Structures are given as structure tokens and as C-alpha cells.
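In: return a 3D structure for these sequence lines:
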Amino acid sequence: MKPSSDPPTADAKKSIVKIGAISLAILAVVMAVTNPDQKAYVKYVLDQKAPQLEHQLCRESKLNDRDQSAEMRELVKVMCQGGFLLSQTIGRGILENVIDTTTKRQNFGLFSLYTTETPVGRLKTIAILNQFVTFEARQ
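Out: Numbers count the residues shown, from 1 in each chain. Below you'll find the predicted structure:
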């Protein structure tokens with residue numbers, strides 16, 4: 001028996017459109033509910049990106065950066081020599097505060113775009129479905 005090649009009926013088309021619309025609505029609700037907030041973003045940066053930031057900050061070139069005051073260069077040098085930024089609770093708290101205050105969130109409802117300006121560069125990250133993807137890290 002040959003399969004029917006008749007075009008779908010109007011009712012079948014309406015059903016397909018209805019199923020598609022419901023599926024998109026469900027996806028939108030899931031995306032909106034799982035759009036990570038700034039607190040989750042700061043934790044992501046601390047857990048995933050902070051070691052890189054600390055390495056960049058503590059590089060010799062940053063320790064001798066003439067754009068910084070002598071006091072700031074000395075503070076960075078002491079912090080880096082002691083592994084202060086990440087190994088101690090106080091250092092992590094300072095870094096958390098710096099990241100939080102230097103981050104701009106653009107909330108689009110279904111996802112967010114985070115831009116963080118740090119002393120060593122810029123991070124641009126998209127947050128969607130409880131996930132973070134950094135797509136730009138500039139020094």
C-alpha cells in the first residue's frame with residue numbers, strides 16, 4: 001500500500017502549530033527560571049577564572065606597572081608573594097567584592113550577559129540554563 005501524499009489538513013496544521021507554541025513557551029519558562037543571578041556568576045568567576053586572574057595580576061609586568069601608584073604596586077607584590085588572593089578567606093572575600101562591584105549584568109530574561117572589568121582585563125560571559133560561557137577575556 002502506498003503512503004498517502006495528501007497535504008496535512010487544517011486541523012493537523014493547527015495541532016502542529018499549537019504543539020510548537022507550547023514547546024516554545026515551556027522552553028522560555030525553563031530558560032527564565034534557570035537564568036543565573038549575579039551571586040552565581042561571582043561564584044563561577046571565583047571558582048573557574050580567579051586562578052587565571054591571580055596569575056595575571058601577579059605577573060612581573062603587573063608588579064612593575066608604572067600606571068599604578070607605588071603603594072598599589074607594593075600591596076599587589078605583598079599579596080602575590082603570600083598567595084593572599086586565593087589561599088586565605090580574607091583574600092577571597094576581597095576578590096569576591098572586587099568582582100561583584102566591577103561586574104555589569106544585562107538581564108534579558110531568558111539569559112544574562114555579564115561584563116567584568118578587572119585590574120588585569122575584561123571578562124564577557126553569557127549565562128543561560130544555569131551555565132556560564134566566557135566568550136571574551138581581554139587583557
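In: for N35, see how far away the residue nearest in space to the middle of the chain is.
Out: Per C-alpha atoms, centre = their mean, the C-alpha nearest to the average position across the chain is that of T125, at 3.7 Å. T125 is 13 Å from N35, where distance means C-beta to C-beta, to the nearest Å. All C-beta spots, glycine's among them, are computed from the backbone N, C-alpha and C.
In: and the longest helix for the chain?
Out: Using DSSP state H to assign secondary structure, the helix with the most residues in the chain is helix 10-33.
In: on contacts alone, who are the packing partners of the helix or strand that that one is followed by?
Out: The helix or strand immediately downstream of helix 10-33 is helix 38-44, counting by DSSP states H and E. The criterion is 3 or more C-beta pairs under 8 Å, 6 or more residues apart in numbering; DSSP states H and E, and the helices and strands that helix 38-44 contacts are helix 89-101, strand 103-107, strand 112-118, strand 121-128.
In: please enumerate residues in contact with the helix or strand just after the last one?
Out: As assigned by DSSP H and E, the chain's next helix or strand after strand 121-128 is strand 131-138. Residues from elsewhere that reach strand 131-138, judged by C-beta atoms under 8 Å, 6 or more residues apart in numbering: 36, 41, 44, 48-49, 52, 114, 121-126.
In: now, of those, which are buried?
Out: Using 16 or more other C-beta atoms under 10 Å as the burial test, the contacts of strand 131-138 include P36, Y41, Y44, K49, Y114, L123, T125, I126 as buried.
In: tell me how far the closest residue to the third one other than its chain neighbours lies from F111.
Out: Distance criterion C-beta to C-beta, 6 or more residues apart in numbering; nearest residue to Y44, sequence neighbours excluded, is F132 at 4.6 Å. Here the criterion is C-beta to C-beta. By it, F132 lies 10 Å from F111.
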